[in-house]
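1. have a look at this prediction, sequence included:
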Amino acid sequence: MPGEDTFALSRSRPAMQTGDVTRDAAEGSTSASATGFASGVASVQQADEPWRVELEHTAAHLLALDRHDVMDVLTRQFEATLIRMALRHTGGRRIEAAQRLGIGRNTITRKIQDLGLDDVR
């Protein structure tokens, strides 16, 4: 129900530097530059499991409470966390944050309003 503690999904994660990625359209393969993308991918894969485990626990908790809005609650938390981090990373520059997230500038503006993140910088 609104206002109930739903566990925090986000944890502090070290920043990851990535290099350029190119995709070979004919083969569908991806190659990484030597600027650290490959090691960054390995870091994400290692960090992936704790994130999924925590998500599973949170979803299980909400479902055990017989909530009927689990998808909406977790999606809003997920989107708010990503947008908040992108805005912090870009010093509040919405267009750059949208580009980093792979969404449009109008989409990030609408989501910031919908999620009540207007004060995030």
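-> Done, it's in.

2. residue 109 is in contact with residue 94, isn't it?
-> Yes. In this structure, residue 109 is within contact of residue 94 by CB atoms under 8 Å, at 6.4 Å. Where C-beta positions appear, they are placed from N, C-alpha and C, glycine not excepted.

3. which other helices and strands contact the strand or helix carrying residue 110?
-> Assigned by DSSP states H and E, residue 110 falls within helix 105-114. The contact analysis (3 or more CB pairs under 8 Å, 6 or more residues apart in numbering; DSSP states H and E) places helix 105-114 against helix 70-89, helix 94-101.

4. any buried residues in the first one, and which?
-> Buried positions in helix 70-89, judged by neighbour count with 16 or more other CB atoms under 10 Å: 70, 73-74, 77, 79-80, 82-87.

5. in CSV, list the residues you listed along with distance to residue 101 and pLDDT.
-> Shown next, in CSV, are the buried residues of helix 70-89 (distance: CB to CB, whole Å; pLDDT from 0 to 100):
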residue, distance to residue 101, pLDDT
70, 23, 97
73, 20, 96
74, 18, 97
77, 15, 95
79, 9, 97
80, 12, 96
82, 6, 96
83, 7, 97
84, 11, 96
85, 9, 96
86, 5, 97
87, 10, 96
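
6. how close does residue 60 sit to residue 54?
-> As judged by CB to CB, to the nearest Å, residue 60 and residue 54 stand 11 Å apart.

7. nope, residue 76 is what I was after
-> For residue 76, the distance to residue 54 - CB to CB - is 16 Å.

8. sorry, back to before: of all the helices and strands packed on helix 105-114, which lies closest to residue 117?
-> Closest to residue 117 of those, according to CB to CB: helix 70-89, at 5.9 Å.

9. list the contacts of the closest one.
-> 6, 9-10, 15, 55, 58-59, 62-63, 67, 93-94, 97-98, 100-101, 108, 111-112, 115, 117, 120-121 (CB atoms under 8 Å, 6 or more residues apart in numbering).

10. cool, thanks, signing off.
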